[in-house]
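Peer 1: sharing a model prediction with you, sequence too.
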Protein chains: 2
Amino acid sequence: MPLKKTSRDKLLEAAEAEMLAKGYAGTTVDEICARASVSKGNFYHFFSSKEDLGLALLDDYYERNLAIIGQAPTPGSDPRRHARALVDHLIDSAGTMWGGGCLMGTFALELAETNPTIANAVSARFRSVAERLTDGFLPLVSGKKRKDAAEIAEQFIVTVEGALVLARAHHDWSYVDRALARFRKTLGLPQGAAK
Amino acid sequence: MPLKKTSRDKLLEAAEAEMLAKGYAGTTVDEICARASVSKGNFYHFFSSKEDLGLALLDDYYERNLAIIGQAPTPGSDPRRHARALVDHLIDSAGTMWGGGCLMGTFALELAETNPTIANAVSARFRSVAERLTDGFLPLVSGKKRKDAAEIAEQFIVTVEGALVLARAHHDWSYVDRALARFRKTLGLPQGAAK
DNA sequence: TTGACGTTACCGACCAGTCGGTTTAGCCTC
DNA sequence: GAGGCTAAACCGACTGGTCGGTAACGTCAA
């Protein structure tokens, strides 16, 4: 982590906080600048447009979370144990990854019919995450059919995104924990006192 | 269904279509008026503000879907069969209820931190739907513990909302069908060739 | 003739993006 | 290490257009 945050970093950080809370259209460039303590002129020095910022932010968010997923432990040599550890790691990291919401979900719901550029970027990244999770879950399914693992990955993402909607609606983030606990149970994993 | 659609009805219908696609902030009053072929002055004859329209629309949407849920068949006299019929009815009606998205989910994600009035209305209606589903699912759980049925209801809503996010992201509504089929399977219901 | 329904023109606030300029930091030369 | 050059970083007033909402004015049925 750089001790000195650049203006670009500050803008991205501010934009993420604002857009997670108020959406893309609901967040103004002025607000982002104010929160980041960066002048508007300087904003347009780093980003060519609001959409450009949105794309950079999306990429940043995606890379960060993919890195977290990649930090799952791989205990022993049994692939099944690796997969189970991944599930627990995802649940443990939920607060870090989605404590303020999910930028991909927020953008998807809001911009799918409005901003094709961002919409395509979101779609591609969702697909990429699903791919990564499918790989990780593969040892969980009998016969290691990739299609079955993909279904589990899909249901995991569905569960996270849906829980975030309810968490937002009720201002109660425990919806995410409960939903993920139920997801875990459907996999037939031993009662998890995760970690 | 009234043969003669009033201007108010046309406005609500237009607003629903626009807001499901583009969100609350992303939809302008002018667009709604244009789609409904109603003048702007007349819009403000029926609704005191955009927010007022949003609340009316939310209520309309909620009541309509609650009515659909209420149309679930109740075959025979066994409560367990009623509950299973409710599950199948929900899955059958998914296209009708959420074919264009879910207004409650869309508003929740977008307006939770922005518009307390609408946010509260959304929260209350989510709670009410959960209550209704909990009642319906009660016979499914051993011991008929209300808390267990509430968990199933919660997971159902989570599944729908999450699947709608992915459906939007990929412009592929089959995500909803698959997610609900998986949900059904976790309940241990017999392989469903529903209907 | 009153009031619900309807219309157009308009207003002020706001917002993304621009512009003309200043400051700062690195780097070369002497 | 002083002076000079360059480019990146930085600034905030301004602009053109958009949006929610209002005003002032018809129309027609009861």
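Peer 2: Done, it's in.
Peer 1: which one is residue A:81 nearest to, not counting chain neighbours?
Peer 2: Spatial nearest neighbour of residue A:81, chain neighbours left out: residue A:75 (5.5 Å); criterion: Cβ to Cβ, 6 or more residues apart in numbering or on different chains. All C-beta atoms are positioned from the backbone trio N, CA, C, and that covers glycine.
Peer 1: got phi/psi on that neighbour?
Peer 2: Main-chain torsions, residue A:75, degrees, to the nearest 10: phi -70, psi 140.
Peer 1: which residues are in contact with it?
Peer 2: For residue A:75, the contact set (Cβ atoms under 8 Å, 6 or more residues apart in numbering or on different chains) comprises A:81-82, A:85.
Peer 1: any figure for the gap between the residue nearest to the spatial centre of chain A and residue B:117?
Peer 2: Geometric centre of chain A, nearest residue: residue A:102, 4.9 Å, by Cα atoms, centre = their mean. Applying Cβ to Cβ, to the nearest Å, the value for residue A:102 to residue B:117 is 25 Å.
Peer 1: just residue A:69 next, same as before
Peer 2: With the distance defined as Cβ to Cβ, residue A:69 ends up 38 Å from residue B:117.
Peer 1: out of these two, which sits in the busier spot?
Peer 2: Taking other Cβ atoms under 10 Å in any protein chain shown, residue A:69 and residue B:117 do not tie; residue A:69 has more neighbours (16 against 12).
Peer 1: can you pull the phi/psi pair for the residue nearest to that one when sequence neighbours are not counted?
Peer 2: Spatially, and ignoring its direct neighbours in sequence, residue A:69 is nearest to residue A:132 (6.3 Å; Cβ to Cβ, 6+ apart). Backbone torsions for residue A:132, taken as degrees, to the nearest 10, come to phi -60, psi -40.
Peer 1: what's the burial count for residue A:132?
Peer 2: 15.
Peer 1: that one against residue A:68, yeah?
Peer 2: No. The criterion here is Cβ atoms under 8 Å, and residue A:132 misses it with residue A:68 at 11.3 Å.
Peer 1: got the contact list for residue A:134?
Peer 2: Contacts of residue A:134 by Cβ under 8 Å, 6+ apart are A:146, A:149-150, A:152-153.
Peer 1: how does it look with 10 Å?
Peer 2: A:141, A:146-154, A:156 (Cβ atoms under 10 Å, 6 or more residues apart in numbering or on different chains).
Peer 1: now do the contacts for the residue nearest to residue A:68 when sequence neighbours are not counted.
Peer 2: The shortest distance from residue A:68 to any residue other than its chain neighbours is 5.2 Å, reached at residue A:93 (Cβ to Cβ, 6+ apart). Residue A:93 sits next to A:65, A:68-69, A:71-72, A:99 when contact means Cβ under 10 Å, 6+ apart.
Peer 1: within range of DNA strand C, give me the residues from chain A.
Peer 2: A:27-30, A:40-41, A:44, A:48-51 (Cβ under 7 Å from any atom of the strand).
Peer 1: by neighbour count, which of these wins?
Peer 2: Ranked by the number of neighbours (other Cβ under 10 Å), the residues of chain A next to DNA strand C place residue A:27 first, at 24 neighbours.
Peer 1: now do that residue against residue B:178, distance only.
Peer 2: Residue A:27 is 33 Å from residue B:178, where distance means Cβ to Cβ.
Peer 1: okay, and for chain A, where does confidence drop off?
Peer 2: Residue ranges of chain A with pLDDT under 70: A:1-4, A:191-195.
Peer 1: and whichever helix in it runs longest, which residues are buried?
Peer 2: Criterion DSSP state H: the longest helix present in chain A is helix A:146-170. Within helix A:146-170, the residues that count as buried by 16 or more other Cβ atoms under 10 Å in any protein chain shown are A:148-170.
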